[in-house]
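In: how would this look folded up:
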Amino acid sequence: MKYICTNCESEFLKWSGRCSSCGEWGTLEEVEDEPTRSTQTERKKAINYKSIKEFNIKPSSKTSRSRFSTGFSELDRVLGGGLVGGEVVLVSGEPGIGKSTILLQVATSLIKKGDKILYVCGEESPSQLSSRFNRVSNDKELKNIENLLITDSTNVDIISNLIESENFDLVIVDSIQSVYSESSRGFVGSISQVRISGTVLTRIAKQTNTPIFIVGQINKMGNVAGPKILEHVVDAVLYIEGEQFNQYRIVRGMKNRYGSTNEIGVFEMGGSGLTEVKNPSLLFLENTHKVPGSAIGAVLQGSRVVFVEVQALVSKREEGGFAGPLKRVANGIKKPRLDMLCAVLSRRGSCFLGDKDVYVNVIGGLNIDDPALDLAICAAIKSASKDEILDDSTIYFGEVGLTGEVRGSWGLDAVLKESKRVGYNSAVIGKSRIKKIDINVKKVSFLKKL
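Out: A predicted model of the protein is given here:
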């Protein structure tokens, strides 16, 4: 018997009111630590090892499609081209962000093709799920509606037997915190229950070659709730991002055994569910007003080039006014990055900000860590500070160093090619080698020349 902190997952031999690792109160939970006993038959099977060439692997009717589409090209992009047989995908995000909605739309898309779907509704009743299905289906006459099977059973062993006995093309478990196993005495949603349930579902997915979507809740820190082993066991972890008052949702891969984790998918939330945004670059550039402090930057998200608008506001402190610390507010980028860029602009960029408050915002709710956005941020701040309007047909792409130098970033050729395609006339970049592209390019080696 041991105790695990539900906040930081540290293990202890005895209970205490406060976790000594993270300092949180009342987070230690009792967990059974029973060793698994292998039977004599299982031990004999383990001895009979074979080479992989000796296994007769033949695709069955369920494995005839190495990858199959979910019905959403944006979601397929994040998954690496579609679902793989036996793949287990954990979908997480803030409450109300659209986790259940997008999975129900995936189920709707697949049953139109004749696929058989099992939906485990642990957080709502079948009647509630049915009403939500009618809202997002967008089709009053679904010919294969009987192929969508709904169960309110939350016993993971019963669910596992059902998956094994039936020939499902996809299983959706909503959510992992609502199912339980009788082999654990922990309450539903506890660390032990989530760990066992996740392991059982993963094992049955591999045995039957059935892909499974698992909905996972998040904790107050914004991470996937439950033991970290759950994220290690599954094949892919998808996180849905979006602001509460923003209709756009971004699906990002945090882990993917069958594809890249750099891709993103963009959706728009509406009254009938989520719809795909095919060209997110145009979506994040809807501003038509020419004002100081606005610059267009470009970042690479996997194989996709995304253009975003960076807005900056610079407010000078009044002489003799409140002499508190300077404000550096960053929305969409990390604050230490903004602090560094402000210091570089003051010291190396001929733009003194030592007596000014600086506010920076990336339009569209995107959180960007790519340093290639540095040049666009500096251009927006400098524009706001000098009250000069930048050309809205020019993009900025480059990384800024502490010495004030501007360097080129990876994927520059793809950015310039995409810039020409969507209608930009010129680009300001760091010094680097580029291919000959029909677009005006200005190379900037130092911020002073920006």
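
In: any chance you could map the strands in the stretch 51-200 of the chain?
Out: Per DSSP state E, counting those that start in this stretch, the stretch 51-200 of the chain carries strands over the ranges 67-68, 83-84, 88-93, 117-121, 148-151, 170-174.

In: Need those strands in a markdown table (columns: mean neighbour count).
Out: All C-beta atoms are positioned from the backbone trio N, CA, C, and that covers glycine. Formatted as a markdown table, those follow (neighbours: other C-beta atoms under 10 Å):
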| stretch | mean neighbour count |
| --- | --- |
| strand 67-68 | 17 |
| strand 83-84 | 24 |
| strand 88-93 | 25 |
| strand 117-121 | 24 |
| strand 148-151 | 17 |
| strand 170-174 | 24 |
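
In: among the ones you listed, which is nearest residue 301?
Out: strand 88-93 (17.6 Å; C-beta to C-beta).

In: Give me the spatial nearest neighbour of residue 303, chain neighbours excluded.
Out: residue 263 (6.9 Å; C-beta to C-beta, 6 or more residues apart in numbering).

In: which of the strands of the stretch 51-200 of the chain has the lowest average pLDDT?
Out: Mean pLDDT is lowest for strand 67-68 among the strands of the stretch 51-200 of the chain, at a mean of 86.

In: what's the offset of that one from the middle of its chain?
Out: Centre-to-centre, strand 67-68 and its host chain are 21 Å apart (C-alpha atoms, centre = their mean, to the nearest Å).

In: Mind listing the strands it pairs with, and their directions?
Out: Using DSSP bridges, the strands paired with strand 67-68 are strand 83-84 (antiparallel).

In: how distant is stretch 309-325 from the center of its chain?
Out: 34 Å.

In: no no, stretch 162-170
Out: The chain centre lies 28 Å from the centre of stretch 162-170; the measure is C-alpha atoms, centre = their mean.

In: which other residues reach it?
Out: For stretch 162-170, the surrounding residues in contact (C-beta atoms under 8 Å, 6 or more residues apart in numbering) are 61-62, 83, 106-107, 110, 115-118, 149, 151, 153, 171, 204-205, 207-208, 210-213.

In: and with 10 Å instead?
Out: Here stretch 162-170 makes contact (C-beta atoms under 10 Å, 6 or more residues apart in numbering) with 60-62, 65, 68, 70, 83, 85, 103, 106-107, 110-111, 113-120, 147, 149, 151, 153, 171, 173, 201, 204-205, 207-208, 210-213.

In: start to end distance for that stretch?
Out: One end of stretch 162-170 to the other measures 13 Å (C-alpha to C-alpha, to the nearest Å).

In: in it, what's buried?
Out: 162-163, 168-170 (16 or more other C-beta atoms under 10 Å).

In: that older thread, I figured the residue nearest to residue 303 hits residue 236, correct?
Out: No: look at residue 263 against residue 236 with C-beta atoms under 10 Å: they stay out of range, at 11.4 Å.

In: Quick check: neighbours shared by these two?
Out: Residues touching both residue 263 and residue 236 (C-beta under 10 Å, 6+ apart): 78-80, 253, 256.

In: tell me which of these is nearest to residue 422?
Out: residue 78 (21.9 Å).

In: mind listing the helices for the chain?
Out: With helices called from DSSP state H, the chain shows them at 40-47, 73-79, 99-112, 126-136, 156-165, 191-208, 229-233, 280-283, 335-348, 374-386, 412-422.

In: for these, which one ends up most surrounded?
Out: With neighbours taken as mean count of other C-beta atoms under 10 Å, these reach their highest mean count in helix 374-386, at a mean of 25.

In: For the stretch 251-400 of the chain, give me the ranges with low pLDDT.
Out: Within the stretch 251-400 of the chain, the ranges that satisfy pLDDT under 70 run 281-289, 319-323.

In: Kindly recompute the last result at 90.
Out: Along the stretch 251-400 of the chain, the parts satisfying pLDDT under 90 run over 252, 259-291, 299-308, 316-326, 332, 350, 354-355, 363-370, 391-393.

In: Tell me if I'm right that residue 123 and residue 178 touch.
Out: Yes: with contacts counted by C-beta under 10 Å, residue 123 reaches residue 178, the gap being 5.3 Å.

In: Mind checking which of these two has more residues around it?
Out: Shown here are residue 123 and residue 178; by other C-beta atoms under 10 Å, residue 178 has more neighbours (20 against 15).

In: Which residues are in contact with that one?
Out: 120-124, 152, 154, 188-189, 193, 197, 215, 217.

In: What residues are bridge-paired with the spatially most central residue of the chain?
Out: Per C-alpha atoms, centre = their mean, the C-alpha nearest to the average position across the chain is that of residue 252, at 2.4 Å. Residue 252 has the following beta-bridge partners by DSSP bridges: residue 239, residue 264.

In: Tell me which residues touch it, please.
Out: The contact partners of residue 252, taken as C-beta under 10 Å, 6+ apart, are 78, 93, 237-241, 261-265, 301-302, 367.

In: Any stretches of the stretch 1-150 of the chain with poor pLDDT?
Out: Applying pLDDT under 90 to the stretch 1-150 of the chain flags the ranges 1-68, 80-81, 93-98, 108, 111-114, 122-148.

In: For residue 383, see how far away residue 290 is.
Out: 11 Å (C-beta to C-beta, to the nearest Å).

In: what is in contact with these two at once?
Out: Residues touching both residue 290 and residue 383 comprise 389-390, with contact defined as C-beta under 10 Å, 6+ apart.

In: I'd like to know how far residue 190 sits from residue 108.
Out: For residue 190, the distance to residue 108 equals 33 Å [C-beta to C-beta].

In: how much space between the nearest residue to residue 120 once chain neighbours are set aside and residue 200?
Out: Residue nearest to residue 120 in three dimensions, not counting chain neighbours: residue 173, with 4.6 Å by C-beta to C-beta, 6+ apart. Distance, residue 173 to residue 200, by C-beta to C-beta: 11 Å.

In: what touches both of the two?
Out: Residues touching both residue 173 and residue 200 by C-beta under 10 Å, 6+ apart: 156, 159, 179.

In: any chance of those residues in CSV, plus pLDDT?
Out: CSV is the format used below for those (pLDDT from 0 to 100):
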residue, pLDDT
156, 92
159, 93
179, 92
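
In: want to throw those into a markdown table with distance to residue 30?
Out: Formatted as a markdown table, those follow (distance: C-beta to C-beta, whole Å):
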| residue | distance to residue 30 |
| --- | --- |
| 156 | 20 |
| 159 | 25 |
| 179 | 20 |
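
In: hmm, which of the contacts of residue 252 are the buried ones?
Out: For the contacts of residue 252, a burial check counting by 16+ other C-beta under 10 Å picks out 78, 93, 237-241, 261, 263-265, 301-302.
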